[in-house]
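Q: below is the structure, and that's it, no one-letter string:
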C-alpha cells in the first residue's frame, strides 16, 4: 500500500500542475471558503467562458475525449488527476459541468458523425452551453413518468409540455430532452430522446426561486416547439435507454457535497467560548465531531480505493455509490451544529462573517439530498444494483402510460 | 495510488477463507457455544500448523517475517467466520507487544514458541468496571513479583503467558507473567458471548519480567492498543460483511404479503444503510492498515478512525441482521445471535465506542491533522 503516483501518473500530474500554475491562481485559505470568488468585474458566465476557452486551446478542456473533438484521449485515472489538480486552483465553476458531464457523453454515443463534428468541439470550447431537460412537475424520482408530448409531423416533431429543475436553462444554447411520443405504450417504452436548440420558438424559461433565495434552476415550457427528426438521439421508443446513460453520468458528476466538513466543525468548536468554556470540551460535541471525522475520512479513503482500481486499469467496485448519501447528510448535520454553537443568535446572517458558511451548508444540504437522486432513490439503487434485492412491486407495471393512476 | 492489498495478500485471504469454510468455523463456533468450552483446540492446532501465529514474527525467530497487511487479511476472515480461537489475544495483543518492546533475550525465548504454539499469550488490563487509566491501575509489580487481580482477561485459560499492565512505583509497566504458575489463580467469568472466554486472573506474588521501558508502560500499551484497533477492525468488517450477506440472502428468500421481503423499500433502505456503514468502515480500515504497516505518524488517528467506524458497522449490521430475520433472528438456532454477541464483545475488548471517539478527538487535538 502507498499513496504515490506511478511514474507515468506523476509525470502527468506535473504537466497538469505546470500548466495550471502558469494560467490560474492557487486557492488560498480565503478564496477556498466559497465558490467562484475573485471574479473581479466579470460575470460568472464571462469568467467561466474565458477559463473554458483557455483550457480548450491548450487541450485540457475534455481530456478524456478523442483528439478530433478537442480531447487528448486521457485514461480515467488521468481524468481524476486533472480534476484533483484543477480543484486546487481558484477557477470559475457552475456553468459547463452539466453540458460536458451529461450532454457530452450522450452526444458522443448517439449523435451522427456530422453532428458530433458540429456540436462537440464548441461544447468543449465553451462557445455553446448545454442543459438537461428530464424532470417534470409530476416526474421527479419517477422520471420515466414524464408527460411532455412529442407528435411526429413529417420530418419534424412538435413538442408540448413542461420541464423543471433545469440548471442553467436561462443561459444554455442547447438541451438534451426526453419526451413521450406514445402514451398508449407502457411507461418506459413510450419515450424518445432529442436534442433541442434552446432558442427555438415556443420555448419559455422561467427561473425558480430556491429556499436559499438564489435561482440556479428553471422551469422550461414547450409550446408547439418544432424539433427536426434529425435531432433524435437513439431510435423512437429508446428514450429511456438513452436517458439512463445520462443519469449514470449525473450520479458520478454530483458526487461529494461541497462545503463545511468535520474540520470546520472542529475549528469552530475550538474557537467558540460559552461561559469561558470551549465547545470542544463538551462531550456531545466531541462525539459528533468524531463521527463526522470518521465519515469524512471514510469517504476520502473510499475515493482512494476507487482510484487505486483505476490506477491498476481495473473497473472500480460499487463503493463510490455511498458518496452523496453520506456527504449531503453530514453537511446538513454540520450546518446545524454550526448554528447551534451560537445558541440564541445562531439564526442571524452576516455576509461578512465566515460563520455564514454553516448557514449556507444547512440550506444547501436540503437540496443536495434531493439533487441527482434523493437519499431514498440512492438507497434503492444500492439495494437493487449492489446488493441485488428485487424491485418493488409496482402499480404501473404492464399498463399503458395513459391508464397509470396519477392522483390527479 | 494503491490503497488496496497486493495480489499475494488477496490470495492469502482467499486461502484463509477456503480453509475456514472447509473446517466450517461457524459450526465449530456454535459447538463451542453449546459446550462449556471457550475455544476449539483442533481448529487452533490447524491454524498454528498453517503458520498464522508467526505471520509477523521475524524469520530469525522462526516466524514468516511478513507484514501487518497479511495479518489484516487473515483477521478479516477470522471475523467473517467467528473462529473460536485465542488468535486475537495471542497474536494482536501478546505477540505485538513482544515484537515491539521485548528485549532480544525475551524475543529469543518466547517468539519461536509462539510460532509453534507452545506459548499462547494474552493481555491483562482491566481491573474494575471503570475504564483503565494510567492512574487507576492497582495490580502491582514489586521486586519482580505481581500481586492483585485482573478481570475480563480474554483466553486466560488456554494462554500460557500474559502481558500484564501493572503499577510499578510511580509509573506503569508492562510485564510478562507465566499463567501456569502456582501463584496465579484463573477463574472463568460469565460473558455475553458463549464462544469466547473471559477470566479473572489473580496474582499472589507471581514472578513477572518487565517488557520494554519500565517507565513507559502506559504509552507502550497505547501503542499496542492502536495496533490491535486496526487488526480487530478487520475482524469487525469481516463480521459486518457476513451479517450483511446473511440479511441479504434472507431478504431475497423470505416471502411476506406475497413477495420477497427484500422488495419492500423499508428493508432495502435498512440493508443500504448497512452497506454504507460497512463501506466507510472498510475504507477506514484499509487506511489504518496502511498506517500500521508503514508505522506512519498518522497511526493514532487512523487506528481510532478505523476502530470507531468498524465498531459502528459491525454493531449496526449484526443488530439489523437479527431485525431482518424477524422472530427467527431471536432464536438460538439461527446464526444471527453469534454475530450480534461477537460484535458487542469486539466493541468492548479494547475499550468502548465512546472511549475511542474520545481517543480520536484527542489525537486530532494533538496532531492538528486536517482532512
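A: Noted; the coordinates are in hand. Because the structure is predicted, anything quoted here is derived from the model rather than measured.

Q: what's the local residue count around residue 172?
A: No chain specified, so I'll use chain A. Other residues near residue A:172 come to 25 when the count uses other C-beta atoms under 10 Å in any protein chain shown. In this view, the C-beta of every residue, glycine as well, is placed from N, C-alpha and C.

Q: try again with chain B
A: Each residue near residue B:172 was counted by other C-beta under 10 Å, and the total is 24.

Q: on the pLDDT front, check it for me.
A: In the prediction, the pLDDT value recorded for residue B:172 is 97.

Q: just for the stretch 251-400 of chain A, where's the confidence low?
A: Counting by pLDDT under 70, the stretch 251-400 of chain A contains low-confidence ranges at A:251-256, A:274.

Q: for the residue in the stretch 51-200 of chain A that chain B sits nearest to, which three-state class applies?
A: Here the stretch 51-200 of chain A gets closest to chain B at one residue, residue A:77, 7.8 Å apart by C-beta to the nearest C-beta. Residue A:77 carries the three-state label helix when classified by DSSP: H, G, I helix; E, B strand; the rest coil.

Q: does it touch residue A:307 like I think?
A: Yes - in this structure, residue A:77 is within contact of residue A:307 by C-beta atoms under 8 Å, at 6.7 Å.

Q: shared neighbours of the two, anything?
A: Common contacts of residue A:77 and residue A:307, defined by C-beta atoms under 8 Å, 6 or more residues apart in numbering or on different chains, comprise residue B:1.

Q: give me the element the nearest residue to residue B:307 once chain neighbours are set aside is part of.
A: For residue B:307, the nearest residue in space outside its immediate sequence neighbours is residue B:229; the separation is 4.0 Å by C-beta to C-beta, 6 or more residues apart in numbering or on different chains. Following DSSP states H and E, the helix or strand that holds residue B:229 is helix B:217-253.

Q: in that helix, which residues are buried?
A: Judged by neighbour count using 16 or more other C-beta atoms under 10 Å in any protein chain shown, the buried positions of helix B:217-253 are B:217-218, B:220-221, B:223-244, B:246-248, B:250-252.

Q: so for the helix or strand residue B:289 falls within, what's the average pLDDT?
A: Taking DSSP H and E as the criterion, residue B:289 maps to helix B:265-293. For helix B:265-293, the mean pLDDT works out to 98.

Q: packing partners for that helix?
A: Applying 3 or more C-beta pairs under 8 Å, 6 or more residues apart in numbering or on different chains; DSSP states H and E, we find helix B:265-293 packed against helix A:283-312, helix A:323-340, helix A:375-381, helix B:68-80, helix B:217-253, helix B:299-324.

Q: looking at the ones you listed, which one is packed in the most?
A: Across the helices and strands packed on helix B:265-293, averaging neighbours per residue (mean count of other C-beta atoms under 10 Å in any protein chain shown) puts helix B:299-324 on top, at a mean of 27.

Q: next SSE after that one?
A: Next in sequence after helix B:299-324, counting helices and strands by DSSP H and E, comes helix B:336-348.

Q: helices or strands next to that following helix in the packing?
A: For helix B:336-348, the elements it packs on are helix B:25-33, helix B:217-253, helix B:299-324, judged by 3+ C-beta pairs under 8 Å, 6+ apart.

Q: give me phi/psi at the residue of chain B positioned farthest from its centre?
A: Taking C-alpha atoms, centre = their mean, the residue of chain B most remote from its mean C-alpha position is residue B:258, at 42.6 Å. Note on residue B:258: backbone dihedrals following degrees, to the nearest 10 are phi 80, psi 10.
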